[in-house]
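>>> Provided below are the primary sequence and the corresponding predicted coordinates.
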Amino acid sequence: MAGMALASKAIDFERSVATITGVVQKVLNPEGIKIGPKEWHALFEDVYAVCTAPTAELEVPKFCQRMSDLLRQHVEGELKLISETSRGEFLRTYRKRFNTYCTGLEFVDKGFFYLYKKEDTGGGVGSAQSCPGGRRPEIKTQLEVGMRYWRDLVFDRFKAELAEEIQAVVHQDREGDVADITSANQAVSSYSKMVIDDTGTSTLDLYVEHFEKGFLEQTKTYYTRETNAKVEALSPGEYLSFATQRLKDEIVRATKILHPSSAEPLDAVLNECFILNHHEMIDAEFRASLESENLQSLRLAHGLMKRVGIESLKQAVEEHVTAQGTARVTSVDASVSTTLPLQYTEALSELHSKFRTLIRDAFDGEVQFVTALDSACRTVVNKTSLRAGAVPLSAPDLLAKYCDLCLKRSKQFASDAEIEEKMAALIVIFQYVDDKDIFQKYYSKMLAKRLIHGTSASDEAEASMISKLKQCCGYEYTSKLHQMFTDTTLSAELNAKFAQTELGRADRRFKVVVLQSGAWPLGGGPRSTIQLTPCLEKSVRAFELFYHSQHSGRKLNWLHHLASGDVLCTTDTGRYEFAVTTFQMVILMLFNDSESCTVEAIAAGTNLSDRELHRTIRSLVTTKLLVAETPLPASDDISPDCVIRFNSKFKSRKKRMRLSTAVQRESASETKRTEESVDEDRKSLLQISIVRIMKSRKVLNYRTLMEEVIRMVSARFKPTVQIIKKCIEDLIAMEYLERSTENTNELRYLA
């Protein structure tokens, strides 16, 4: 029970001390004399009796002094015995005598428990109630006293020899000789046991001062000499293997011998000797291994440099990938414009896949190297451009054209699985594009053409690509693309209804796609007028009557420049079917009545603008279906007097041909209009973003506004500071914002 204690009684002090001394001597005896339960119990009783005797105030100090003398006498005996030990047996003898003494001392300390913590309900000096934890502060434990004697008498005498012997064991093990690891480890442990602070906890002061400092200096000297010799004798690759294995061995050795607290300072010494002193050589070998793709050397160099920081390796990877990527892109054959997007995209995809695999295999996919790869790919994608003739091609343009090649119906990509694989690889490259809005502009235009002309490989592939873009850039980025799909679905249903009407049954091949003007990228340049053939005019009017009966209040604007159809043509060599644009169709139909026409007569019969007329005539002459009696000029303009005749000798192995592709390719002027459209969209987006931010914040300084605008639009493109400033000035002129009168760097929102 916590409140119970033995009664105080008078004792024979000398007899009790003699009994206690006998038991203590047996406990400390290195020969391991066993103490029975009765003797052990008697020790507790005698210590208790001394501490609770009526004369305890006088007897306890005398008792503590007698026990202190006993411990000193015992340690002096240990000192004499160790002094007589031969050099070769010193470490083993020291650790054995210390361990035995330490173990015995711990048992003695437990037997003297009541000496340190006396229950005294009177609350006198030294009582449990008068000091924290109930321990007498004026009385040192036997463990403290005993360890102090060992430290002052034995350790001070042999501290140099002890450190030398432990270091000698470490040296033997480093050299591959047989070494007494156990003795060294236990000797190291003795350092911390010899110093006990006021809370009864061991400290590392002796260990650090008298062993660790010297050990680290010796280790530095040893490995500096060894590594310098190995650098001279070995190749860089061999040195990496040597250093890696040597470090592993030293770390294992340290865990077996040293205190855990030495791990960090030892690592610092090893890193200096093996890595930092030879950093330039390791870095050079790493770069050479990148060039040769030597995974083993890369893995070893990474393992070493990871100990001191891999920033230099990360920079080397980034520089190498950037150089490789730039070389690959610039080596693409830009003279073949039709395959340029394919060459460009697959070159980048192969580059990324190659180095992603290398980073996984050599560096375990470490995030810092992945970041370096991303940075390098972003540089290659955004800083390198190509030209197809006079037309400059940027990454967004080329990637959009690659999508068009893959998603168009062709024999090149036969299955949806193959298309899906190509699109997944493209999205990886697309994520590095800064100007994603330019890609969106080109992609939407090409998607529109595929949907209108029905040239998509499959709706599933188109939907999958849009879904990938949505995951990458968000719903707003693809909202118009989704609407385009919806329009084609609704148009198919509308055509099915039209085909059931009397007007629709008259020409079942006539199909119309009804497009929402806000979703489809159909602007850009003036549209040409056209004089339709009578049969086409009849079908157009029939559909208008039907559509207005279904949707009142809506207006149809016919986009004949986007329309296409099939024309049956009979020549001297056979019957052919041509897929043509509406412009090509109306020109060809003129040759039903005449074998030849002047350009002026064709213009009068079709009512086409000069630009579209000349462009379309040139496309039909190029396909050799029409022949110009005089060579066409290199410029866009064709003389009105130039005679164009139908080629009745036209011959081809193919009975069905697509002539529309000759005029559906994007020209330099169309590319320029697309870029101008992007600039206008960017300006609008920036102004909207600025107004949104200022409306919520009311007052903001220039710099903060700049940062928030860049953050808001960075998913679409990377705006320059000059463009943002111009938009701010425009908004000030439009009275959406005003400058603060108190601070010129501050802007205010005007409601």
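Perfect, I can see it now. Quantities reported herein were computed from a predicted structural model and do not represent experimental measurements. Numbers count the residues shown, from 1 in each chain.

>>> so who does Val145 touch?
The neighbourhood of Val145, defined by CB atoms under 8 Å, 6 or more residues apart in numbering, consists of Met67, Ser68, Leu71. The way it works is simple: take the backbone N, C-alpha and C, and place the C-beta from them, glycine included.

>>> could you redo the last one with a cut-off of 6 Å?
Neighbouring residues of Val145 by CB atoms under 6 Å, 6 or more residues apart in numbering: Ser68, Leu71.

>>> against Ile139, how distant is it?
Distance of Val145 to Ile139, given as CB to CB, to the nearest Å: 10 Å.

>>> do the same with Leu659
From Leu659 to Ile139 the distance is 111 Å (CB to CB).

>>> repeat for Ser596
129 Å.

>>> what does Ala376 give?
According to CB to CB, Ala376 stands 71 Å off from Ile139.

>>> more neighbours: these two, which one.
It is Ala376, of Ala376 and Ile139, that has more neighbours when counted by other CB atoms under 10 Å, with 24 against 20.

>>> where does the stretch 651-751 of the chain dip in pLDDT?
The model of the stretch 651-751 of the chain has pLDDT under 70 over residues 660-672, 751.

>>> mind running it again at 90?
Counting by pLDDT under 90, the ranges of the stretch 651-751 of the chain that qualify are 651-686, 694-703, 706, 710-725, 728-751.

>>> and for the stretch 301-450 of the chain?
Within the stretch 301-450 of the chain, the segments meeting pLDDT under 90 span 329-343, 383-394, 397, 405, 408-419, 435, 437-438, 441, 445, 448-450.

>>> can you give me the helices in it?
311-330, 340-363, 367-383, 395-407, 416-430, 436-453 (DSSP state H, counting those that start in this stretch).

>>> Arg299 is nearest to which of those helices?
In terms of CB to CB, the element of the helices of the stretch 301-450 of the chain nearest to Arg299 is helix 340-363, at 5.0 Å.

>>> so the closest one versus helix 395-407, what angle?
Per axes from the mean of the first three to the mean of the last three CA atoms, to 10 degrees, the angle that helix 340-363 makes with helix 395-407 is 100 degrees.

>>> which other residues reach helix 340-363?
295, 298-299, 302, 321, 325, 328, 332, 334, 369, 373, 377, 388, 398, 401-402, 405, 425, 428-429.

>>> what angle sits between it and helix 416-430?
Using the same axes, to 10 degrees, helix 340-363 lies at 80 degrees relative to helix 416-430.

>>> might you calculate how far helix 340-363 sits from the centre of the chain?
16 Å (CA atoms, centre = their mean, to the nearest Å).

>>> can you show me the helices along the stretch 1-150 of the chain?
Going by DSSP H, counting those that start in this stretch, the stretch 1-150 of the chain shows helices at 13-28, 37-52, 56-83, 90-111, 113-116, 142-149.

>>> which of the ones you listed comes out lowest on mean pLDDT?
Ranked by mean pLDDT, the helices of the stretch 1-150 of the chain bottom out at helix 113-116, with a mean of 75.

>>> okay, that one in PDB with CA atoms only?
C-alpha atoms of helix 113-116 as PDB (Å, rounded to 0.1, in the frame of the first residue of the first chain):
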ATOM      1  CA  PHE A 113      16.600   2.700  -3.600                       C
ATOM      2  CA  TYR A 114      15.200   3.700  -0.200                       C
ATOM      3  CA  LEU A 115      18.400   5.700   0.500                       C
ATOM      4  CA  TYR A 116      17.400   8.100  -2.300                       C
END
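
>>> many thanks, we can stop here.
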